[in-house]
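Colleague: Build me a model:
(one chain, ligands or ions: 2)
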Amino acid sequence: MFENLSRRLQQTLDGLRGRGRIGEADLKKVMREIRMSLLEADVNFEVAKAFTKRVQEKALGQKVYESLTPAEQIYTIVYDELKELLGSEPKQPELKHEGNVWFLVGLQGTGKTTAAGKLARLYKSKGRRPLLVAADTQRPAARDQLRILAEQVGVPVLEVQNGEKPAETARRLREHLAKDYRDLVIVDTAGRLQIDEALMDELAQLKDELEPTETLLVVDAMMGQEALGVSRTFDERIGVSGLILTKLDGDARGGAALSARYVTGKPIYFGGTSEKLDGLEPFYPDRLAQRILGMGDIQTLMERAQAAELEEPDKAPHEFDLNDLLAQMKQIQKMGSMTELIKMIPGLSRALPQNFQLDPKATKHLEAIIQSMTPAERRNPRILNASRRRRIARGSGTSVQEINRLIKTFEETKGMMKTLAKSPRKRRGFFGRR
Ligand code: GDP
Ligand code: MG
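Modeller: Ligands and ions are numbered 1, 2, ... in the order given. I've put the predicted structure just below:
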């Protein structure tokens, strides 16, 4: 998926390379080419139009950075806009301590049952206790299909009986949960080949009774434009809180996937990448944008490598890294008015790095910077060279100076952690007692 679009966009942008100046006429021509590439990839017409308009406006309005060639600047704008189109920041469904009910809806064959099994597997691996609910009573084999997946994952299933009223299903669910503690209920529902009034009513009633915390619309990326109208109808009739895009591993042109967030206004939470139970990944707008523009899906690869590493029995002791720094800062920031108090505690005020910032904006920037880094970089930010720092600054909407400052703070804190680890104070806790 996305191969053709990727090739066309890269050709267009490569054509600008080595140009000292890009005039308005040239820019218009480039925008036309980009719009054509998007339309050929089956991107929604409105989306393609709005996209190129924004790129053009940004390119014309942008101040000229001396460190970038005009071609690089347009490249960056296209990247930023593509990321924005896909949702900008990765989003996850809401997950409370308990009482989570995720209601999966979508047309028949989009991948609901498969996604239900995949979600159960994913969240079980994160330490959750999922329960699957087989509410598809339309097709006789649907409940069997979910039961088999549940067995593979090792989670229980509650099966809705033929002709059972939604209120009765809700009652049986409560009864089940009272006996068997579960913190995440994933409901697989029936789909039809097309939007169908009776089905919509049924789903709406069941939703009313089950009061889900998330209603996830499963969208088949192979379906093309048609998927988008369907999605809007589901949202109008049932209310949708987020999307799961399935079959991203297929050979469709990708336009529907690219338009889904814009057209529905809902975040894409996950992408399905195979028929297998492990084929579900959180959806990262930046990574897909990078993949389309040919920067390689580096982060995903790194994460896979890291996951493989984690499965090895003998893993190295955990070294203080940037994720830990961020967690610490958030923790301290929560204390808010306690900042002054902290400064009065001798050990702790010495422990805080000199330029330690507690204002929430600084923490937000920090988070954006850290999120733009690869896992390896988070462990050891010293490996960041100048061009990576520039790219991360651009990716996170910050500056190279901020990144440099963060790395300095990190080094200081890490040093401090090492000292603390050696001192007896650690055993007594920060405040001298347990
Ligand atoms: P439902 O009718 O919405 O419940 O759809 P199913 O979960 O039964 O899936 C329909 C078909 O799509 C099955 O053959 C699945 O194996 C397949 N499928 C689901 N998700 C994916 C995916 O992400 N990638 C691929 N390649 N196939 C998928
Ligand atoms: Mg199904």
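Colleague: Tell me where the stretch 1-150 of the chain has strands.
Modeller: Remark: strands assigned in the stretch 1-150 of the chain by DSSP state E, counting those that start in this stretch are 100-105, 130-134.
Colleague: got the ones you listed as TSV, with mean pLDDT and distance to Gln161 columns?
Modeller: Every C-beta, even on glycine, is put in place using the N, C-alpha and C of the backbone. Shown next, in TSV, are the strands of the stretch 1-150 of the chain (pLDDT from 0 to 100; distance: least, CB to CB, whole Å):
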stretch	mean pLDDT	distance to Gln161
strand 100-105	97	19
strand 130-134	97	10
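Colleague: Would you format those as CSV with mean neighbour count and distance to Leu149 included?
Modeller: Below are the strands of the stretch 1-150 of the chain laid out as CSV (neighbours: other CB atoms under 10 Å; distance: least, CB to CB, whole Å):
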stretch, mean neighbour count, distance to Leu149
strand 100-105, 24, 13
strand 130-134, 24, 8
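Colleague: nearest to ligand 1, of those?
Modeller: Across those, the minimum distance to ligand 1, taken as CB to the nearest ligand atom, is reached by strand 100-105, at 8.1 Å.
Colleague: quick one: whichever residue of the stretch 101-250 of the chain sits closest to ligand 2 from Arg139, how far?
Modeller: Using CB to the ion, Thr113 is the residue of the stretch 101-250 of the chain that sits closest to ligand 2, at 3.3 Å. Counting by CB to CB, to the nearest Å, the gap from Thr113 to Arg139 is 10 Å.
Colleague: In terms of neighbours, single out the busier of these two.
Modeller: Thr113 (25 against 13; other CB atoms under 10 Å).
Colleague: you'd agree Arg379 is up against Glu319?
Modeller: Yes. Using CB atoms under 8 Å, Arg379 makes contact with Glu319 at a distance of 6.6 Å.
Colleague: mind listing the strands for the stretch 201-350 of the chain?
Modeller: Under DSSP E, counting those that start in this stretch, the stretch 201-350 of the chain gives strands at 214-220, 242-246, 268-272, 280-282.
Colleague: hmm, back to that, let me know which of the strands of the stretch 1-150 of the chain is the nearest to Arg291.
Modeller: Nearest to Arg291, of all the strands of the stretch 1-150 of the chain, is strand 100-105, at 26.4 Å by CB to CB.
Colleague: Enumerate the sheet neighbours of that closest one, specifying parallel or antiparallel for every one.
Modeller: Using DSSP bridges, strand 100-105 pairs in its sheet with strand 184-188 (parallel), strand 214-220 (parallel).
Colleague: hey, C-alpha coordinates of it in PDB?
Modeller: What follows is strand 100-105, C-alpha atoms only, in PDB (Å, rounded to 0.1, in the frame of the first residue of the first chain):
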ATOM      1  CA  ASN A 100     -13.400  -0.200  30.100                       C
ATOM      2  CA  VAL A 101     -15.900  -1.300  27.400                       C
ATOM      3  CA  TRP A 102     -14.800  -1.100  23.800                       C
ATOM      4  CA  PHE A 103     -17.600  -1.600  21.200                       C
ATOM      5  CA  LEU A 104     -16.400  -2.700  17.800                       C
ATOM      6  CA  VAL A 105     -18.600  -1.800  14.800                       C
END
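Colleague: That strand versus strand 268-272: what angle between them?
Modeller: On the basis of axes from the mean of the first three to the mean of the last three CA atoms, to 10 degrees, strand 100-105 is oriented at 60 degrees to strand 268-272.
Colleague: ok, which residues in the protein are in contact with ligand 1?
Modeller: Residues of the chain found near ligand 1 (CB under 6 Å from any ligand atom) are 106, 108-114, 191, 218, 246-247, 249-250, 272-275, 279.
Colleague: Now the residue in the stretch 201-350 of the chain positioned nearest to ligand 1: closest residue in space, sequence neighbours ignored.
Modeller: In the stretch 201-350 of the chain, the residue that lies nearest ligand 1 is Gly272 (2.5 Å; CB to the nearest ligand atom). Distance criterion CB to CB, 6 or more residues apart in numbering; nearest residue to Gly272, sequence neighbours excluded, is Thr246 at 3.5 Å.
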